[in-house]
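Peer 1: mind looking at a prediction? Sequence and model below.
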Amino acid sequence: MVRRQQAADRAVRPKLRSPGHPKYQRHVEAAFWAEIAKGLLAEEAAAVIGVAPAVATRWFRQCGGMRPFDPTPSSGRYLSFREREEIALLKAQGKGVRETARDVGRDPGTISRELRRNAATRCGKLDYRASVAQWKADMAARRPKTAKLVANPRLHAYVQERLSGQISTPGGRAVAGPATGVWTGRNKPHRKDRAWVQAWSPEQIAHRIKFDFPDDESMRISHEAIYQALYIQGRGALKRELILCLRTGRALRAPRARSRRKTWAHVTPETLISERPAEAEDRAVPGHWEGDLIIGLERSAIGTVVERSTRFTMLIHLPREEGYRHKHTVKNGPALAGYGAITMKNALAGAMSSLPGQLARSLTWDRGKELSAHAQFRVETGIPVFFADPHSPWQRGTNENTNGLLRQYFPKAATAPVRASAPAAAARSRGSRRTTTPLEVGVLLMSATLSSGTSTLVSG
């Protein structure tokens, strides 16, 4: 009787592939996709839930960046992994089906079917293990549906033709366009690697097909179905290379929360402008500086640092690093343009470390990542760094106004040597000091500080 039941159970189930490594449980994958929905990267989500980064990356890529199952917990109708673990322990202790059912709180028929259907058979005998039983139950519970683009060749040809958007001459001859680079299938491809096509978006295709086939209900598809056919591996509906024809060119779907990720991870709570000493606000005490970059052609840059009370300005020379080549940078290589984090920190520390302590009380910067090494800068110089709030240039108004004046000497369409233009910029009088220049006030203040050892404000 038992053999007939086992044969009947296997007769309705196709042959299952080898499980290999025990599969992670549903609640672990659900926790992973919950972290992805918060905007974390796959590697960051892996660290949170405690799985290998390679496993998390594989989950994300195979599912196209979309959650593969409903996150709501099961209703309790089916056995859970914890119940299967309890069943395996009770069976190892030699307890029968009815006693196991009483301990687990399930019907004896449920326990009997579980032990027959989902037992491990590779060892030559029926041996119940919770991990294998859960894997078999998950495989049997799947109800895969054939994708509409696979079942309907005419619909498939229509969608693929408009997605690819092959450009042709009025005579019908296809135009290949310029050659593109090799795309590996990971991350967003460069614009130079995009195909030269006249592609339609999935939403345009979904609306246009109703106009082209008004009476054919089989020629209907949603834009979401097209996106899933492109992003999800294993569906076999559309060529994955067609994502190069999308306007965004994304290789994987990005969660909405990722677009709202904090891009200023280098800004820590103690470096917010609200933590800056109150004496810097009224400009009564010298020694509080504001800084920023002036960007020129070919990724050239000059650092500008302005003292708030005297408007004394220092220009930071940022030469390019060895190996820099314009428009031929190495992917994921070091920042060689001259204003990378380490280069900026070294240049800024070299310029400001020579200031007396009374004239180097704080430095306020914008949210640019060129000063992400601010912690090392503070250790080397002793000058605390504070960052302005996002989209709040008025919090560094002195520096913004100075940069506007400096644009007369450093226009956006050209580059100019720092040493030639710095004296000319510093020798101009400013609106708050109409009779003296920042250079004159800065020199007087510097000499007074060095001679007396105290800082006094010199009015101009």
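Peer 2: Perfect, thanks for sending it.
Peer 1: residue 133 - how many residues pack around it?
Peer 2: Number of residues near residue 133 (other Cβ atoms under 10 Å) recorded here: 23. No exception for glycine: its C-beta is placed from N, CA and C like everyone else's.
Peer 1: what's the helix or strand hosting it packed up against?
Peer 2: Element membership of residue 133 [criterion: DSSP states H and E] is helix 130-141. If contacts are counted by 3 or more Cβ pairs under 8 Å, 6 or more residues apart in numbering; DSSP states H and E, helix 130-141 sits against helix 81-92, helix 108-117.
Peer 1: I'd like the next helix or strand past it.
Peer 2: Sequence order places helix 148-151 as the next helix or strand after helix 130-141, per DSSP H and E.
Peer 1: just checking, what packs against that following helix?
Peer 2: On a contact count with 3+ Cβ pairs under 8 Å, 6+ apart, helix 148-151 meets helix 153-164, helix 223-231.
Peer 1: hang on, the earlier thing: so which of the helices and strands packed on helix 130-141 is nearest residue 253?
Peer 2: Closest to residue 253 of the helices and strands packed on helix 130-141, according to Cβ to Cβ: helix 81-92, at 28.8 Å.
Peer 1: and the contacts of that closest one?
Peer 2: With contact meaning Cβ atoms under 8 Å, 6 or more residues apart in numbering, helix 81-92 is reached by 25-26, 79, 99-100, 103-104, 106, 111, 114-115, 118, 128-130, 133-134, 137.
Peer 1: what comes up buried for it?
Peer 2: Across helix 81-92, burial judged by 16 or more other Cβ atoms under 10 Å covers 81, 83-84, 86-88, 90-91.
Peer 1: and these, which is closest to residue 218?
Peer 2: Distances from residue 218 to the buried residues of helix 81-92, taken by Cβ to Cβ, are shortest for residue 81, at 41.7 Å.
Peer 1: hmm, back to that, pick the most deeply packed of the helices and strands packed on helix 148-151.
Peer 2: helix 223-231 (a mean of 20; mean count of other Cβ atoms under 10 Å).
Peer 1: quick check: angle from that one to helix 153-164?
Peer 2: 80 degrees (axes from the mean of the first three to the mean of the last three Cα atoms, to 10 degrees).
Peer 1: and helix 223-231, C-alpha only, in PDB?
Peer 2: The C-alpha coordinates for helix 223-231 follow below in PDB (Å, rounded to 0.1, in the frame of the first residue of the first chain):
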ATOM      1  CA  HIS A 223       4.600  47.900 -21.400                       C
ATOM      2  CA  GLU A 224       5.300  46.100 -18.100                       C
ATOM      3  CA  ALA A 225       5.300  42.700 -19.800                       C
ATOM      4  CA  ILE A 226       7.800  44.000 -22.300                       C
ATOM      5  CA  TYR A 227      10.100  45.300 -19.600                       C
ATOM      6  CA  GLN A 228       9.900  42.000 -17.700                       C
ATOM      7  CA  ALA A 229      10.700  40.100 -20.900                       C
ATOM      8  CA  LEU A 230      13.800  42.200 -21.300                       C
ATOM      9  CA  TYR A 231      15.000  42.200 -17.700                       C
END
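Peer 1: tell me where the stretch 151-300 of the chain has strands.
Peer 2: 288-295 (DSSP state E, counting those that start in this stretch).
Peer 1: low-confidence regions, it specifically.
Peer 2: Applying pLDDT under 70 to the stretch 151-300 of the chain picks out residues 167-168, 172, 177-198, 233-236, 249, 259-264.
Peer 1: hang on, the earlier thing: got the angle for the helix holding residue 133 vs helix 81-92?
Peer 2: Going by the same axes, to 10 degrees, helix 130-141 makes 130 degrees with helix 81-92.
Peer 1: related to what we said a few turns ago, and of the helices and strands packed on helix 130-141, who's closest to residue 230?
Peer 2: Across the helices and strands packed on helix 130-141, closest to residue 230 is helix 81-92 (Cβ to Cβ), at 33.3 Å.
Peer 1: and which of the buried residues of helix 81-92 is nearest to residue 297?
Peer 2: In terms of Cβ to Cβ, no member of the buried residues of helix 81-92 lies closer to residue 297 than residue 81, at 61.0 Å.
Peer 1: spit out the contact partners of residue 115.
Peer 2: 87, 91, 97, 126, 128.
Peer 1: follow-up on the earlier one: now the buried residues of helix 81-92 in JSON lines, with distance to residue 296?
Peer 2: As requested, those are arranged in JSON lines below (distance: Cβ to Cβ, whole Å):
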{"residue": "81", "distance to residue 296": "61"}
{"residue": "83", "distance to residue 296": "67"}
{"residue": "84", "distance to residue 296": "66"}
{"residue": "86", "distance to residue 296": "69"}
{"residue": "87", "distance to residue 296": "71"}
{"residue": "88", "distance to residue 296": "69"}
{"residue": "90", "distance to residue 296": "75"}
{"residue": "91", "distance to residue 296": "75"}
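Peer 1: what distance do you get for residue 367 to residue 90?
Peer 2: 59 Å (Cβ to Cβ, to the nearest Å).
Peer 1: now do the helices in the stretch 251-400 of the chain.
Peer 2: All helices of the stretch 251-400 of the chain, identified by DSSP state H, counting those that start in this stretch, fall at 256-259, 341-352, 374-381, 397-406.
Peer 1: how far away from the center of its chain is the third one?
Peer 2: Counting by Cα atoms, centre = their mean, to the nearest Å, helix 374-381 is centred 27 Å from the centre of its parent chain.
Peer 1: again, but for the first one
Peer 2: How far helix 256-259 lies from its chain's middle: 8 Å, per Cα atoms, centre = their mean.
Peer 1: just the C-alphas of it, formatted as CSV.
Peer 2: What follows is helix 256-259 as a C-alpha-only set of coordinates in CSV (Å, rounded to 0.1, in the frame of the first residue of the first chain):
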residue,chain,number,x,y,z
ARG,A,256,12.6,54.0,-7.0
ALA,A,257,14.2,54.4,-3.5
ARG,A,258,17.6,54.1,-5.1
SER,A,259,17.1,57.4,-6.9
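Peer 1: ok, and what's touching that helix?
Peer 2: 37-41.
Peer 1: of the buried residues of helix 81-92, which is the nearest to residue 303?
Peer 2: For those, the nearest to residue 303 is residue 81 (57.6 Å; Cβ to Cβ).
Peer 1: per-residue confidence at residue 5?
Peer 2: As predicted, residue 5 sits at a pLDDT of 60.
Peer 1: let me redo that: residue 87
Peer 2: Residue 87 is assigned a predicted lDDT (pLDDT) of 92.
Peer 1: check the gap between residue 339 and residue 291 for me.
Peer 2: Taking Cβ to Cβ, one finds residue 339 at 12 Å from residue 291.
Peer 1: overlap in contacts of these two?
Peer 2: Contacts common to residue 339 and residue 291, judged by Cβ under 8 Å, 6+ apart, are residue 303.
Peer 1: no further questions, thank you.
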